[in-house]
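Have a look at this prediction, sequence included:
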Amino acid sequence: MVNPTTEKNGNEANLSSQDPRIGVFICRCGGNISDVVDVEAVANAIGKINGVVTAQVHSFMCSDPGQNLIIDEIKRKQLNRIVVASCSPFLHELTFRNAVQRGGLNPYLYEHVNIREQCSWAHHSDPAGATTKAIRLIAGAVNSVRYANPLNRIKIRVTKQVLVIGGGIAGIKAAAELARQGIPVVLLEESSRLGGHVIEHNKLYPTEIDAPGFVESLSRQILNNPLVKIYYRAHLEQVSGFVGNFEVTISSEINGDKNDNNSVPLSGLSKTIGTRLIVGAIIIATGYDSYKPYAGEYGYGDSRVITLPEFIKLLRDQRGSSFVHRGRIIKNVGFIHCVGSRQIEGVHKPQSDGKVNNYCSRTCCTAILQQAVELKKRYPDLNVFDFHQDIRTYGRDHEKYYIQASKCGVIFFRFHGDELPEVHSLNGSDGALAVVVKDWLTFGEEVQVPLDLIVLGVGMVPRDIHKIIDLLKLPVGNDRFLQEVHPKLRPVEVSINGVFLAGTAQSPMNVKETLNAASAAASKVSTLLCRDIVELDPFIANVDQESCIGCQKCFNECEYPGALLEDEVLVNGKTVKKARVNPGLCVGCGACVAVCPTRCINLAGWTLRQFDAYIDGLMSDISNINVK
């Protein structure tokens, strides 16, 4: 149920109806801005604009003294509109909104201008141009904010139940954390068991704990828990609604809360189709896939060339005093790093979408070294070789694997990313393979290393979840992983309200990072659902139905099903279908505004009148301003 609010904060003064009294506050950002932009000249220029009562400069406007300056000036000079020119609004827009509200104003009578990323950082070599640009941007904001109206946050009643998609360690951890908070969880797992990739491992670095045992211990926190309902071999089929009230339809072959060893028997499964649920939030914990080399990549396709996940299982299952693969005793093993990661255009074969995987998968180096050390411990006489561009053992205690590998006799070769190792066959198909590499640890000498087994350190790639992406309209980054709003300030949130990320659906992570991300997502959800009402920013479209002619162009343009509704209205004896906005589903993208022929649709906080005024301010004559 969606209930747009009309209440005002009790501390807000009714200043919005008065003539604009605008305060402008410009941040030096320690020097990030003022080293390039002449902020004093900017303040002097902006202070001359009609309606600007004060233009102040502060070294750190986001600091407590900076915020107090804004609050004090609002009260002392009876300001009723505020403009802050500082860094990106992604960092401190909320900070300044709160400061404006503490000063007694409606928090939406405020405009933010980014003069760090868009001026000082973008035009570091042109201080005069950066200063002029800052003046124009702020002048536009001043013109726009004079037509701002006080807004109220949208309030929506929430359903206290969460959908977690994915039963790997991220999904299990998130479900366990939520259940501990007393929040019911529905967990979807596409396979017949919990645990994801981790259950296939032997030991987890850097603790060296047993991986299946860890998964079993983690799973016990949700198995037989009355607050957690688990659906196996399950898929998300449909989604509608909005934060607090998502209506989801799922299909599954079995649902149950009890199983043994995290696995459901494959026989006797009953197909469940069309189960409908209402949930207040959704956590995406769909995990990753390992990169699959193409035929011939470093010899892949030859039985003597395997991937790192395959090697982990091979080593785990070894018995006896010799290391054996396909009936042959192995004496020489080589590990090749960065297979499917850190790819270079023109050097590596692109993926199906024409792009290369230019990111680092982060976990592979430590995983390779862990296996190399384990291999040498179990088979000391076996020769182990490591071929790498760089070794990135970035986590705490991860470097110990490199030190141990060096001490136990692993031989390292380093190649450049644009001079890849080559794999050749020696003495026919039954003989050994050889890796030919130009080794930069020996000043570029080309060496040939005979090997019985080659292990490709494949990286992580995004799992194919295109259906979920389409259903929820999830943002995807250039690396094809799901993209968060901000990596530091909102690291597990996406741009869709009520949808959160957990684990490697978002980016390559190790086990510890995955669990931390899952806990963060669960914490965000519990904060969202701890009250009966969720509040949303009011930046949505609104329709003046008197001016609406029912042309339906806005419906054709809107990308969010249900965001626009039809109201049948009798006009001059004829029924006209006029548009109305659903506040819970509208994201304020403005697509409908752009196509409306009568200009009857506006965005709250960014009306057409404000937009026009902003352009006028941006293009205003500043020729009389002395810019150094």
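Received it, and whenever you're ready, just let me know what you need.

So for the residue nearest the centre of the chain, what's the nearest residue that isn't a sequence neighbour?
Nearest to the mean C-alpha position of the chain, counting by CA atoms, centre = their mean, stands residue 484 at 1.9 Å. Counting by CB to CB, 6 or more residues apart in numbering, residue 491 is the residue found nearest to residue 484 once chain neighbours are left out, at 5.4 Å. (Each C-beta comes from the backbone N, C-alpha and C, glycine too.)

pretty sure the one you found contacts residue 500?
No. Residue 491 is not in contact with residue 500 according to CB atoms under 8 Å; the separation is 10.0 Å.

Could you list the low-pLDDT ranges of the stretch 201-350 of the chain?
Within the stretch 201-350 of the chain, the segments meeting pLDDT under 70 span 254-273.

which stretches of it form helices?
211-219, 308-316 (DSSP state H, counting those that start in this stretch).

which one of those helices lies closest to residue 525?
For residue 525, the closest of the helices of the stretch 201-350 of the chain is helix 211-219, at 18.4 Å, according to CB to CB.

that older thread, higher neighbour count, residue 491 and residue 500?
Using other CB atoms under 10 Å, the more surrounded residue of residue 491 and residue 500 is residue 500, with 28 against 17.

how much space is there between that one and residue 221?
Using CB to CB, to the nearest Å, we find residue 500 at a distance of 19 Å from residue 221.

The helices of the stretch 201-350 of the chain: which one's closest to residue 197?
helix 308-316 (7.6 Å).

okay, the angle between that closest one and helix 211-219?
110 degrees (axes from the mean of the first three to the mean of the last three CA atoms, to 10 degrees).

So residue 128 lies in a helix, does it not?
Yes. Assessed with DSSP: H, G, I helix; E, B strand; the rest coil, residue 128 lies in a helix.

Residue 56 contacts residue 23, doesn't it?
Yes. Using CB under 8 Å, residue 56 is in contact with residue 23, at 7.4 Å.

neighbour count winner among the two?
Higher neighbour count among residue 56 and residue 23: residue 23, with 27 against 16, using other CB under 10 Å.

distance of the more buried one from residue 70?
To residue 70, residue 23 is 7 Å away according to CB to CB.

where do the contact lists of the two overlap?
Common neighbours of residue 23 and residue 70 are listed as residue 82 (criterion: CB atoms under 8 Å, 6 or more residues apart in numbering).

all helices for the stretch 51-200 of the chain, in order.
Using DSSP H, counting those that start in this stretch, helices in the stretch 51-200 of the chain cover 64-77, 89-102, 127-145, 169-180.

Now do the contacts for residue 95.
Contacts of residue 95 (CB under 8 Å, 6+ apart): 62, 67.

go again using 6 Å as the cut-off
residue 62 (CB atoms under 6 Å, 6 or more residues apart in numbering).

Let me know the pLDDT of it.
In this model, residue 95 is scored at 95, pLDDT.

hey, where'd the strands end up in the stretch 151-300 of the chain?
154-157, 162-165, 185-189, 203-204, 209-210, 228-232, 235-242, 245-252, 254-256, 272-279, 281-284, 288-290 (DSSP state E, counting those that start in this stretch).

And those strands: which comes nearest residue 303?
strand 288-290 (18.5 Å).

neighbouring contacts of the closest one?
Residues contacting strand 288-290 (CB under 6 Å, 6+ apart): 309, 458, 460, 461, 463, 504.

which one of these sits closest to residue 169?
residue 504 (9.6 Å).

Is residue 586 in contact with residue 563, as I believe?
Yes. Taking contacts as CB atoms under 6 Å, residue 586 lies within contact range of residue 563: 4.5 Å.

With respect to residue 384, which of the helices of the stretch 51-200 of the chain lies nearest?
Among the helices of the stretch 51-200 of the chain, helix 169-180 comes nearest to residue 384, with 29.0 Å by CB to CB.

The closest one: which residues count as buried?
Under the neighbour-count criterion of 16 or more other CB atoms under 10 Å, helix 169-180 has 169, 170, 171, 172, 173, 174, 175, 176, 177, 178, 179 buried.

Okay, angle between that helix and helix 211-219 too, please.
Using the same axes, to 10 degrees: helix 169-180 against helix 211-219 is 30 degrees.

helices and strands around helix 169-180, which ones?
For helix 169-180, the packing partners by 3 or more CB pairs under 6 Å, 6 or more residues apart in numbering; DSSP states H and E come out as strand 162-165, strand 185-189, helix 511-529.

Low-confidence regions, the stretch 401-550 of the chain specifically.
428-431.

where exactly do the strands run in it?
Using DSSP E, counting those that start in this stretch, strands in the stretch 401-550 of the chain cover 411-414, 422-425, 433-439, 445-451, 453-458, 460-462, 499-501, 533-536, 541-543.

Could you export those strands as TSV, including distance to residue 478?
Below are the strands of the stretch 401-550 of the chain laid out as TSV (distance: least, CB to CB, whole Å):
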stretch	distance to residue 478
strand 411-414	28
strand 422-425	29
strand 433-439	30
strand 445-451	35
strand 453-458	20
strand 460-462	11
strand 499-501	16
strand 533-536	28
strand 541-543	29
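
closest one to residue 305 among the ones you listed?
strand 453-458 (4.6 Å).

now the angle from the closest one to helix 308-316?
130 degrees.

Sheet partners, orientation included, of strand 453-458?
strand 305-307 (parallel), strand 332-339 (parallel) (DSSP bridges).

contacting residues for the residue nearest to residue 274 when sequence neighbours are not counted?
Distance criterion CB to CB, 6+ apart; nearest residue to residue 274, sequence neighbours excluded, is residue 249 at 5.9 Å. Contact analysis of residue 249 by CB under 6 Å, 6+ apart lists 237, 238, 274, 276.

quick one: which of these has the most company?
Counting by other CB under 10 Å, top hit in those: residue 237 with 15 neighbours.

Any figure for the gap between that residue and residue 159?
Counting by CB to CB - residue 237 and residue 159 are separated by 19 Å.

same deal with residue 526?
In terms of CB to CB, residue 526 sits 14 Å off from residue 159.

same check, this time on residue 615
Using CB to CB, residue 615 is found at 43 Å from residue 159.

more neighbours, the two?
residue 159 (18 against 13).

right, and that one touches residue 282 too?
No. Using CB under 6 Å as the test, residue 159 is too far from residue 282 to be in contact (11.6 Å).

Out of the strands of the stretch 151-300 of the chain, flag the one nearest residue 197.
strand 288-290 (7.5 Å).

In that closest one, which residues are buried?
Buried-residue list, strand 288-290, by 16+ other CB under 10 Å: 288, 290.

Can you get me a residue count around residue 492?
There are 24 residues near residue 492, going by other CB under 10 Å.

need the contact list for it.
Taking CB under 6 Å, 6+ apart as the test, what residue 492 contacts is 500, 501, 517, 520, 521.

And the residue nearest to the fourth one when sequence neighbours are not counted, its phi and psi?
Setting aside the residues directly before and after it, residue 520 is nearest to residue 492 in space (CB to CB, 6+ apart), at 4.8 Å. According to degrees, to the nearest 10, the main-chain angles of residue 492 amount to phi -120, psi 10.

Quick check: the gap between residue 492 and residue 209.
On the measure of CB to CB, residue 492 and residue 209 end up 25 Å apart.

For stretch 593-608, give me every contacting residue.
Applying CB under 6 Å, 6+ apart, the external contacts of stretch 593-608 come out as 108, 151, 538-544, 547-549, 553-554, 557, 588, 590, 592.

An error on my part: the question was meant for stretch 504-515.
Contacts for stretch 504-515 (CB under 6 Å, 6+ apart): 169-170, 173, 204, 284, 286-288, 361-363, 460, 481-482, 503.

Of the residues you listed, which is the most crowded?
Busiest of the contacts of stretch 504-515 [other CB under 10 Å] is residue 170, holding 34 neighbours.

In contact with it, which residues?
285, 502, 503, 514, 518.

isn't the second one right next to residue 517, touching?
Yes. Look at residue 502 against residue 517 with CB under 6 Å: they come within range, at 5.4 Å.
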